[in-house]
Every structure is written in C-alpha cells, then in structure tokens.
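[1] Test case, fold it:
(one chain, ligands or ions: 1)
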Amino acid sequence: MTTDVATPMIKAVAVNKYFGDLHVLREITLEVPRGQVVVVLGPSGSGKSTLCRAINRLEPVNSGEVAVDGVPLPAEGKALASLRADVGMVFQQFNLFAHKTILENVMLAPVKVRKTAAAQARATAMELLERVGIADQADKYPAQLSGGQQQRVAIARALAMRPKVMLFDEPTSALDPEMVQEVLDVMAGLAKDGMTMLVVTHEMGFARRAADRVIFMADGEIVEDTTPEEFFTKPRSERAKDFLGKILTH
Ligand SMILES: Nc1ncnc2c1ncn2[C@@H]1O[C@H](COP(=O)(O)OP(=O)(O)OP(=O)(O)O)[C@@H](O)[C@H]1O
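    The predicted structure follows:
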C-alpha cells in the first residue's frame, strides 16, 4: 500500500479504448494528485463515461496503464477485485439492492468483501448514513426513498468500503431537478474533506464551486485540462467554446 504523498492517486498512461472501429479513448494520459477534485466535461459521446469506467477497469481497455495510488490495476482476476474496492463508484442509476434495507445496502460490501465484523460494519454504515443526512431512513427499502435519497445511500455505500478515490458518473442526471442539489451538497462535502474525486457531470455550478480542475474531453481526447476559472472564462479550444456556448444558451 502506497502512502507517499507524491504518488498520484490516479495515473493513466496512454490509454486507448475501441468499441469496434470507434476509437473512444485516444492516448489518454492523466495524473490526479491525492485530494484533488476533477470534473470531466464534454459533449455527449466524447468518452467521459468510458474514461471513468476505464479507471477501475469496469471497461477493459485496448492498451495503456492505469494505476491507483501507485498500484497498477491488473486486467482481471482476484487482485483486480481487491484493488477495485479502493475505488468507489457512483453511477447515474443508483443500483441499490431492492430487497435489502438501506442499512443492509451500506453494510453488505464491507462484510462480504472487506470481511468487516457485522457490528463494526453496522456502526460505520450508520455513521455514513448520518453523514449523507439519511440515518432516519436506515430501516426502509430503496423504493420507499426519493431518487435524491437513494443516490445519497449509493454514495454512503461506496464510502463504506473506505475507498481511496471516488468516481462519479453523472450522479445527478437521473434525478428530478429539486433533488440534484442535495446530492451535489454531499459531494461538495466529500470534496472539502479531502476525498480524491473524478466527477463526470453536466452540473456546471458544481464544477465551478467544488472542482480544483476541469478536464474537457472531445472525441476521446483531453482537449483542455485547466482550472474551472480558466475553463469557464477563457476556454482555449474552439470545441470548448462551442460546448460552453451551447450550454450557456440552453
Ligand atoms: N458498450 C458500448 N458499445 C459500443 N459503443 C459504446 C459502448 N459504450 C459507449 N459506446 C460509444 O462510445 C462513445 C463514448 O461513450 P461515452 O458513454 O464514454 O460518452 P460520454 O462522453 O460519457 O457521453 P454522455 O455524455 O452522452 O454520457 C459513444 O460514441 C458511445 O456510443
């Protein structure tokens, strides 16, 4: 286990991914230092989700290396499962277990994967549910909760594995507008607490408020990699200008 602060928390080198003939990730090289919050922006189909999934090898890549906290992720096998546990992932769809309570959803992976004792897992799960503001719903089932609440449970569930990194793939895209902010607030809180995060989102307000860095992707490439301030006020590429123009006039 690496704890050297100089080691990037995420390191991708020359990652390429094809779907058939479609070159979806083109020579992606990226380092994310620990504690940094990176928001990934870009037009639909630019490869943002694929990048996110490639980082924990949910999506196998055709070439290139990915390392988390200095440890290269193997392509498959038991070692991959164990390393993947260091990478929390929150998706657009919450993917909670419908027949388990909220508390059980959050306890499950630590007990099964980390072999945490049930009492300890329960205590940690309750702490995390408290942190995402939902401890009073612990005994309910996912269908009894709003979308925003379910997504907060999904975040607590990911945190229960004590991940080193959190990846968010459009976590608010499936939510009714009035529930978006409660999820973004939880994410901003995590960012403030020093979690390393890579966030694919269309929420520009979050990018401005919580990101340390914006990566703009187009056609499978990182076209801009800069601060939110620079990106939103002085985008350099025509593609970023075009993207921002469309969003701001939306
Ligand atoms: N499993 C798959 N099989 C074939 N093509 C795929 C697959 N997943 C993604 N693609 C294609 O790869 C490209 C990149 O997709 P990706 O989902 O990474 O884009 P994105 O930037 O996240 O888009 P969006 O903002 O619409 O979610 C798209 O052209 C998409 O159609």
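
[2] From now on I want contacts and neighbour counts done on CA atoms only, so please keep to that.
    Fine.

[3] for this structure, longest helix please?
    Using DSSP state H to define each element, the chain has its longest helix at helix 177-192.

[4] which residues are in contact with that one?
    Helix 177-192 is contacted by residues 35, 36, 37, 132, 147, 148, 151, 152, 172, 197, 206, 210 when judged by Cα atoms under 8 Å, 6 or more residues apart in numbering.

[5] could you point out which element follows it?
    Proceeding N to C from helix 177-192, the next assigned helix or strand is strand 196-200, under DSSP states H and E.

[6] can you give me the mean pLDDT across that next one?
    For strand 196-200, mean pLDDT rounds to 97.

[7] And that strand, what does it pack against?
    Here strand 196-200 is seen to pack against strand 37-41, helix 48-55, strand 165-169 when contacts are counted using 3 or more Cα pairs under 8 Å, 6 or more residues apart in numbering; DSSP states H and E.

[8] quick one: which of those is nearest the ligand?
    Taking Cα to the nearest ligand atom as the measure, these were each checked against the ligand, and helix 48-55 came out nearest at 3.6 Å.

[9] what sits up against the helix or strand following the closest one?
    Proceeding C-terminally, helix 48-55 gives way to strand 63-68 as the next helix or strand, assigned by DSSP H and E. Outside strand 63-68, the residues that touch it by Cα under 8 Å, 6+ apart are 8-17, 27, 55, 72-73.

[10] Partner strands of strand 63-68, with direction?
    strand 10-19 (antiparallel), strand 71-72 (antiparallel) (DSSP bridges).

[11] Could I get these in TSV, plus columns for mean neighbour count and mean pLDDT?
    What follows is the strands paired with strand 63-68, written out as TSV (neighbours: other Cα atoms under 10 Å; pLDDT from 0 to 100):
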stretch	mean neighbour count	mean pLDDT
strand 10-19	19	96
strand 71-72	15	88
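
[12] Out of those, which is closest to the ligand?
    Sorting the strands paired with strand 63-68 by Cα to the nearest ligand atom, the top spot, which is the nearest, belongs to strand 10-19 at 4.9 Å.

[13] by how many degrees do that closest one and helix 48-55 diverge?
    Strand 10-19 and helix 48-55 are oriented at 120 degrees to each other (axes from the mean of the first three to the mean of the last three Cα atoms, to 10 degrees).
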